[in-house]
Structure formats: structure tokens, C-alpha cells
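A.B. asks: quick one, structure for this:
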Amino acid sequence: DQPEIKEEILRKDDRLLTLLKDVYVESRDPPVQVKDGGGEHLPCKQEEKRLTKLGHLGALDVKKVSKGKISIVEALTLLNNHKLHPQIWTAEKIAAEYSLELKDVNSLLEFFIPFTVQEFPKETKKAIKS
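C.D. replies: The predicted structure follows:
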């Protein structure tokens, strides 16, 4: 807004211009390193997937998982099946059914135990008055 400031901005400083003319800058990109691939492009190994055994959540259930993995619904189902019928749902059968390694199934059955909710009958006795 003030003309003095605009004039100062537009004014060229001859001393600075001569100093700038003496400045010389040279820049170069670093040399590009090319990895020797031999021109071959190997296809990426695609992860094998399997369809899950769907639970009661329908649309919210995971539909596909990688082989060697299970969904939460499947984990809860297989743990419950093993708990209810351990002679039928053995570690070997679970490993075959869900495409898992036997050592992983054994660890799962050993360390993840589904809890049971037990309701205790309500006490009908009145509290002792002190």
C-alpha cells in the first residue's frame, strides 16, 4: 500500500547483481545404480487362499484366508468342537480340516482354552444383620 516500500522492492541493486553474476553453481545427480536382473522378471508367488467355514455373522464373516491361518470364527468353532468332542476333533483332524500345521494346532489347543460361563444360583438367605 505504501509507495516507498513498493519502490524499494522494485529497485535493483547493482552491487548485488554483480556479485550474483560471479556465483557459479554446478549440480549433478548421483550415478544411477542398476541392479543386474538379467532381464528376467520372475512372477511373485501368489499366496494360496482357502474359503472359510462361515459362522453366524453372514456378511461380516471373513470369506477367504491364507492357507495356514484361520479366522476368529473358525478358531472359536474348532476350539469348542475339540472341547465338546476331543475324541472326534483331534489335532490331526483339525489340521487337515483347516489347512493348518499340526504343531500350530497342538499349540492352539494347549494354550487357548475357551472359557465356560457358569451361573451360580442366587442365595435366598438374607444377609445377617449386625
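A.B. asks: C-alpha only now, for contacts and for neighbours.
C.D. replies: Will do.
A.B. asks: from the contact counts, what lies against the helix or strand hosting Ala75?
C.D. replies: In this assignment (DSSP states H and E), Ala75 forms part of helix 72-84. When contacts are defined as 3 or more CA pairs under 8 Å, 6 or more residues apart in numbering; DSSP states H and E, helix 72-84 packs onto no helix or strand at all.
A.B. asks: please renumber the chain so that the first residue is 49 from this point on.
C.D. replies: Fine by me, first position is 49 from now on; the one you just mentioned is helix 120-132.
A.B. asks: could I get the average pLDDT for it?
C.D. replies: For helix 120-132, mean pLDDT is 87.
A.B. asks: so what touches the helix or strand following that helix?
C.D. replies: Downstream of helix 120-132, the first helix or strand assigned by DSSP H and E is helix 139-146. With CA atoms under 8 Å, 6 or more residues apart in numbering as the test, helix 139-146 has contacts from Gly116, Ile118, Leu126, Leu148, Glu149, Leu150, Val153, Asn154, Leu157.
A.B. asks: and the helix or strand just after helix 139-146, which residues are buried?
C.D. replies: Heading C-terminal from helix 139-146, the first helix or strand you meet, by DSSP H and E, is helix 150-159. Within helix 150-159, the residues scored as buried using 16 or more other CA atoms under 10 Å are Val153, Leu157.
A.B. asks: list the helices and strands helix 150-159 packs on?
C.D. replies: Right, helix 150-159 is packed against helix 139-146 by 3+ CA pairs under 8 Å, 6+ apart.
A.B. asks: list the buried ones in the helix it packs on?
C.D. replies: Ala139, Ile142, Ala143, Tyr146.
A.B. asks: quick one, it and helix 150-159 angle?
C.D. replies: Calculated by axes from the mean of the first three to the mean of the last three CA atoms, to 10 degrees, helix 139-146 forms an angle of 110 degrees with helix 150-159.
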